[in-house]
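S.K.: What would the 3D arrangement of this be:
(chains A, B, C and D)
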Number of protein chains: 2
Amino acid sequence: MNDDELDRVFKALGDPTRRRIIDRLRERPKQSLFEICALSFADDGAPLSRQAVTQHLDMLQKAGLVRVEWSGRTKLHTLDPGPLREAFGLWLRNHL
Amino acid sequence: MNDDELDRVFKALGDPTRRRIIDRLRERPKQSLFEICALSFADDGAPLSRQAVTQHLDMLQKAGLVRVEWSGRTKLHTLDPGPLREAFGLWLRNHL
DNA sequence: TTGACATGCAATGATTTCATTGCATATTGA
DNA sequence: TCAATATGCAATGAAATCATTGCATGTCAA
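M.R.: Model prediction:
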């Protein structure tokens, strides 16, 4: 894992909506975009647009934290905790 | 530590220049702005302006990761790993 | 085969980030 | 005192982030 990948992981964690998405996907894998949308809310409790959630999921995917699989017309998202472990092992661990 | 503080910590870690500053301050505390400037470089190896480093240090300070103390005309910066430990304990630990 | 469903793609816009330059202020030492 | 030193403050600007809306595409099921 290089500096850029480390950037993407930590930046992905630097937003409360994305952390909540991670939390949800950890509880249950293979969730569709609509399922994630249904329980994603902005800071004030207002629901987020579908496209906003899509953009967050794209960032999580680029950081390697979310894996995608298609089932018909449904896109299923699953958490991959690997990059979290890597980022912890490679950098954060030295600073605790 | 609330969601906003968690944001600030992870966002602070999401930039390679800031991670290098943290690395340097961990090796030796109480470094002045100029000392940190002298060994801070952008991705391509070009030196950063003093003001750029100041802005990074401000972010680190707002995240609680850097403490400041004055000695005459010199501002001394020291790493505080507390928020890293908190962020790890409160959120990241559950995902490893 | 049509209509409802799940998602993709594109454009827009406000805000934040990252870095710069120029000038101002305060402290130290000769 | 005066010059060099160490930093602060303000303005600027390119790029990324976060969220929106509108329209298009592909898939399933009645």
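
S.K.: residues touching the closest residue to DNA strand D within chain A, list them.
M.R.: Using CB to the nearest atom of the strand, A:Gly72 is the residue of chain A that sits closest to DNA strand D, at 2.5 Å. Backbone N, C-alpha and C define where each C-beta goes, glycine included. A:Gly72 makes no contacts at all, as judged by CB atoms under 8 Å, 6 or more residues apart in numbering or on different chains.

S.K.: and the gap between it and chain B?
M.R.: Counting by CB to the nearest CB, to the nearest Å, the gap between A:Gly72 and chain B amounts to 30 Å.

S.K.: tell me the phi and psi of that residue?
M.R.: In this entry, A:Gly72 is assigned phi and psi values of phi 60, psi -130 (degrees, to the nearest 10).

S.K.: With A:His56 instead?
M.R.: Phi and psi for A:His56, reported as degrees, to the nearest 10, are phi -60, psi -40.

S.K.: Check the gap between it and B:Ala12 for me.
M.R.: A:His56 sits 20 Å away from B:Ala12, taking CB to CB, to the nearest Å as the criterion.

S.K.: neighbour count winner among these two?
M.R.: More crowded of A:His56 and B:Ala12, by other CB atoms under 10 Å in any protein chain shown: B:Ala12, with 26 against 21.

S.K.: Please give the element, helix or strand, for that one.
M.R.: In this structure, B:Ala12 sits in helix B:3-13 according to DSSP states H and E.

S.K.: Are that helix and chain A in contact anywhere?
M.R.: Yes. Using CB under 8 Å from any CB of the partner chain, helix B:3-13 comes into contact with chain A via B:3, B:6-7, B:10-11, B:13.
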